[in-house]
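# Pasting a predicted model and its sequence here:
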Amino acid sequence: MPAYTSAAQSTEAFGDIPEIIPIYLIHRPSNDIPYATLEEELIGNFVKYSVKDGKEINLMRRDSEAGQKCCAFQHWVYQKTDGNLLVTDMQGVGMKLTDVGIATCKKGYKGFKGNCGTSFIDQFKALHQCNVYCEMLGLKSLQPKAKKPASAPKPKPQSSTPPKKKTFGPVVKGKS
């Protein structure tokens, strides 16, 4: 059996993929506000899988399949952009997400400025815990590796021959 899996096998193992639903801009020339956005109506329990400010604790993020996949997607984007970009504010119903945000590093990323604070990137890096989907995607842990404790110096190995007797003072030759 080969040590690798094909893309089709990985997709099957990964299962359903979260989808960011499109938002449509419509023009309403006869209205006082001529432009509006529309999106698909999401029916069901609306859940925030991640938030812009990172202060909200959400068990659905780690306990649900959708939450874990959103977290893995955030990790993937973070890793692919060398820590410069992070998808935030992931929320929706089941695997259908809406109104996501983007956080960028202080200077932006490839000319793009996000709509979320840069502190969220630092917080994500510090708090993210990889899950099974991060592992399936081959993502590297964001947590620093634990340093090995400094070991005490190793004792010198003792030889099997007895140590020579040291004599102090003048040595008289010829006497036994």
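Looks like it arrived, so ask away.
# Please identify the buried residues of the lengthiest helix in the chain?
Counting residues, the longest helix found in the chain (DSSP state H) is helix 65-80. For helix 65-80, burial by neighbour count (16 or more other C-beta atoms under 10 Å) applies to 66-78. Where you see a C-beta, it was placed from the backbone N, CA and C, and this is true even at glycine.
# Ok, stretch 84-103 next?
For stretch 84-103, a neighbour-count test (16+ other C-beta under 10 Å) marks 84-94, 96-98, 100-103 as buried.
# First-to-last residue distance for it?
End-to-end distance for stretch 84-103, by C-alpha to C-alpha, to the nearest Å: 8 Å.
# swap in stretch 36-43?
First-to-last residue span, stretch 36-43, C-alpha to C-alpha: 21 Å.
# In the chain, where is pLDDT below threshold?
Low-confidence segments of the chain, defined by pLDDT under 70: 1-12, 51-62, 106, 108-118, 146-176.
# try 80 this time
Low-confidence segments of the chain, defined by pLDDT under 80: 1-12, 50-63, 105-120, 144-176.
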